[in-house]
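Asks: The following block contains a protein sequence and its predicted model.
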Amino acid sequence: MLSDWMRKTFAEEFPEAQEGLADLRVMTTASPEFGDYQCNAAMGLARRLKQNPRQLAGRIAGRARHESVARLEVAGPGFINITLDDAWLGAHMERMAADPDLCVPKPGSGRTMILDYSSPNVAKPMHIGHIRSTVIGNALDRLHRFLGWRVISDNHLGDWGTQFGIIIMGFKKGVDLKALESEPIDELERIYRESYKRSQEDPEWLDACRQELVRLQAGDPENLALWKRFVDLSMGEFSRIYKRLDVAFDMVRGESFYNDRLAGVVEQLTSAGLARESEGAIVAFLDDEKLPPCLVRKSDGAFNYATTDIATIQRRVEEFNPELIVYVTDERQQLHFKQVFTVSRKLGVKTRLDHVWFGLMRLPEGTFSTREGNVIKLERLLDEAESKALAVVREASPEMPADRQAEVARAVGIGAVKYADLSQNPQSLVVFTWEKALALNGNSAPYLQYAYARIRSVQDKFAERFPSSDLAAHPIRLTEKHERALAVKAAGFADAVMLAAASFKPSMLADYLYDLAVLYSSFYQNVPFLKADAGFRESRVRLCGLTGAILRKGLSLLGIGTMDRI
RNA sequence: ACCCCCGUAGCUCAGUUGGAUAGAGCAUCGGAUUUCUAAUCCGGCGGUCGCAGGUUCAAGUCCUGCCGGGGGUGCCA
């Protein structure tokens, strides 16, 4: 990696400046006229050492040598521009193509992380608001696994909250058993919505709901049986959706899993003097950390989600001793996790704890919620996506058998929905529109899937027309501007994967893949390969093949499938 | 009231953590197919990066203040 090399060169040339070099980076240039990569560290260093930046950059450029680098030039106020060596680049393409991991290292080898994502609430339908945690979390899961991490993905279901008091109360007073049979989740949702509404208007009803919750948490057999039934019904629906989304978890441990530890957590906190009684509740005060107080037991005796999350962290540390625990949730939980992490540390937890939050999804007319009943169900979104994709497939490939068309429509439709979420900065707010969610052209999954399918087609045509040709016998040579640009981009795959994982932003990989596909499409359009002379032909087909391998692997890391024909 | 995000082309968004002339897609206008998949490619149009200061060789990016939007702030999760 060029950054390491540059950092080493700087350190050797300027031993007096060790500290400031840790974040030194080599990055791609703003424009091809500046070479392939650039390093801007000389200018910052010059300030600290009170030296002339151009002279300083010149000293680096004069001594630095690397097998992959053809040329180093100092430009402007002190940029060091780096141009890769064509022969090295060609050989590197061959190395990548020969490696199933495409020369991506395994920095996570021997390390363990727990990834907590998706985590829908039981007895409510999964709606479009759940897709972000599920899709972003799953991409982070795949990225880290690929980098060698032992990832333990955990679906921390919301199966133990106050909502169960509301639902149990509603169920006992007005369940429609027939509806529960045919549309279980819809019926549970209806019960919840109506019981919630009544609890807002009728204090007695609200109190009864609380009592039901307390009974459930105390182990009342009737309520426990109802609760189990709700969980099973919900898991049936969730599993169906996860299967469609190609999402799998190592564990599905809901909040209820930690129930028997909650009292212990509160006990630990109080005996350590970290929490005390206040207005009937048990509260951890975090004034030193400038955080609001954190409730760990309500005045009615029930525990709340902070308690559960603290217990969960303790259990995970005891059982798996991970290097870090990562939570993927929406932005509203930022304060909650700050509090939970702080309290956990006070209890002696040393594990790195990260909260990866993403912006809330909204409808153009405002927020939606189960309580309001204005949600768009996730299944409906997936249905719409597939049917829209199917219409396009039928139009574009009428000769394709119907079952193949359906298969393509699935990959394209689901891929488009996932990509729409993964391709933008997770932290920006998303306003849901059907048009955006179902886009099939431009910067979208189908664009990448299309590029991949064309590559597969080229490879098949090549095998058909030149059956005796041995690709591996021909070196990859980069002669055309378009193919060189493609190769430079291809060489950056490992960096893109590592950067996306380390910053918890799958969008960085999505951006990379889109750039790669754009360069490929341009190459495809402007440079002949099956019709090129022998030697060039094989070289270009090999470069095609490598591009295809990167697209396939990269998309799979985002949880998006590829088809040989679309 | 306080805290956290966001504000970039008509619309939706990137912008590699301070770098060179701010980039894509959609929309719009024009061009490319006897050829390896036109779900494509090539080009045009489109910008006081919310506003005002500040920090320095360099600010969309950092600091301060304001404006606008979203979210949060002990008994929901």
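Replies: That came through, no problem.
Asks: Quick check: the residue of the stretch 101-250 of chain A nearest RNA strand B.
Replies: Closest approach between the stretch 101-250 of chain A and RNA strand B, counting by CB to the nearest atom of the strand: residue A:161, at 2.6 Å. C-betas here are computed from N, CA, C, even on glycine.
Asks: Quick check: which element contains that residue?
Replies: Secondary structure assigned from DSSP states H and E places residue A:161 in neither a helix nor a strand.
Asks: surely it meets residue A:305?
Replies: Yes. Look at residue A:161 against residue A:305 with CB atoms under 8 Å: they come within range, at 6.6 Å.
Asks: so what's in contact with those two at the same time?
Replies: Both residue A:161 and residue A:305 are contacted by residue A:255, under the criterion CB atoms under 8 Å, 6 or more residues apart in numbering.
Asks: quick one on the thing from earlier: burial check on the residue of the stretch 101-250 of chain A closest to RNA strand B, number of neighbours?
Replies: Taking other CB atoms under 10 Å as the criterion, the count of residues near residue A:161 is 17.
Asks: quick one, what contacts it?
Replies: Residue A:161 is in contact with A:121, A:255, A:304, A:305, counting by CB under 8 Å, 6+ apart.
Asks: I figured the third one was touching residue A:284, is that so?
Replies: Just to be clear, that refers to residue A:304. No. Under the criterion of CB under 8 Å, residue A:304 is not in contact with residue A:284, lying 11.9 Å apart.
Asks: Run through the helices of the stretch 201-350 of chain A in chain order.
Replies: In the stretch 201-350 of chain A, the helices defined using DSSP state H, counting those that start in this stretch lie at A:203-218, A:221-245, A:262-271, A:305-320, A:334-346.
Asks: Ok, the stretch 351-500 of chain A next?
Replies: If you assign secondary structure with DSSP H, counting those that start in this stretch, the helices in the stretch 351-500 of chain A sit at A:378-396, A:402-422, A:434-437, A:445-465, A:481-491, A:493-502.
Asks: Which neighbouring elements make contact with the shortest one?
Replies: The elements that helix A:434-437 packs onto, with contact taken as 3 or more CB pairs under 8 Å, 6 or more residues apart in numbering; DSSP states H and E, are helix A:378-396, helix A:402-422.
Asks: what's the answer for the fifth one, then?
Replies: Contact partners of helix A:481-491 among helices and strands, from 3+ CB pairs under 8 Å, 6+ apart: helix A:86-98, helix A:506-526, helix A:536-557.
Asks: Go through these and pick out the most buried.
Replies: helix A:536-557 (a mean of 22; mean count of other CB atoms under 10 Å).
Asks: That helix and RNA strand B in contact?
Replies: No. Contact between helix A:536-557 and RNA strand B is absent, the nearest approach being 7.9 Å (criterion: CB under 7 Å from any atom of the strand).
Asks: what's the angle from that helix to helix A:86-98?
Replies: Taking axes from the mean of the first three to the mean of the last three CA atoms, to 10 degrees, one finds that helix A:536-557 is oriented at 50 degrees with respect to helix A:86-98.
Asks: Report the rounded mean pLDDT for helix A:536-557.
Replies: In this model, helix A:536-557 has a mean pLDDT of 96.
Asks: how close does residue A:243 sit to residue A:405?
Replies: Applying CB to CB, to the nearest Å, one obtains 21 Å for the distance of residue A:243 from residue A:405.
Asks: Which of these two has more residues huddled nearby?
Replies: Neighbours around residue A:243 and residue A:405, counted as other CB under 10 Å, are more numerous at residue A:405. The numbers are 20 against 10.
Asks: I'd assumed residue A:390 was in contact with that one.
Replies: Yes. Using CB under 8 Å, residue A:405 is in contact with residue A:390, at 6.4 Å.
Asks: Residue ranges in the stretch 251-400 of chain A under the pLDDT threshold?
Replies: Under the criterion pLDDT under 70, the flagged ranges of the stretch 251-400 of chain A are A:366, A:369-373.
Asks: RNA strand B contacts on that one?
Replies: Close to RNA strand B, as judged by CB under 7 Å from any atom of the strand, the stretch 251-400 of chain A has residues A:255, A:278-281, A:283, A:292-293, A:295, A:298-300, A:304-305, A:308, A:331-336, A:359-360, A:362, A:367, A:389, A:392-393, A:396-397.
Asks: Of these, keep whichever come out buried.
Replies: Buried subset of those (neighbour count, 16 or more other CB atoms under 10 Å): A:255, A:281, A:283, A:295, A:298, A:304-305, A:308, A:336, A:359, A:389, A:392-393.
Asks: Wait, residue A:514 touches residue A:443, no?
Replies: Yes. With contacts counted by CB under 8 Å, residue A:514 reaches residue A:443, the gap being 5.3 Å.
Asks: middle-most residue in chain A, spatially?
Replies: What sits nearest the mean C-alpha location of chain A, by CA atoms, centre = their mean, is residue A:136, with 2.9 Å.
Asks: Is that one within a helix or a strand, and which one?
Replies: Take DSSP H and E as the rule and residue A:136 turns out to sit in helix A:131-146.
Asks: Does that helix reach RNA strand B?
Replies: No. Using CB under 7 Å from any atom of the strand as the criterion, no contacts between helix A:131-146 and RNA strand B are found, and the smallest distance is 11.6 Å.
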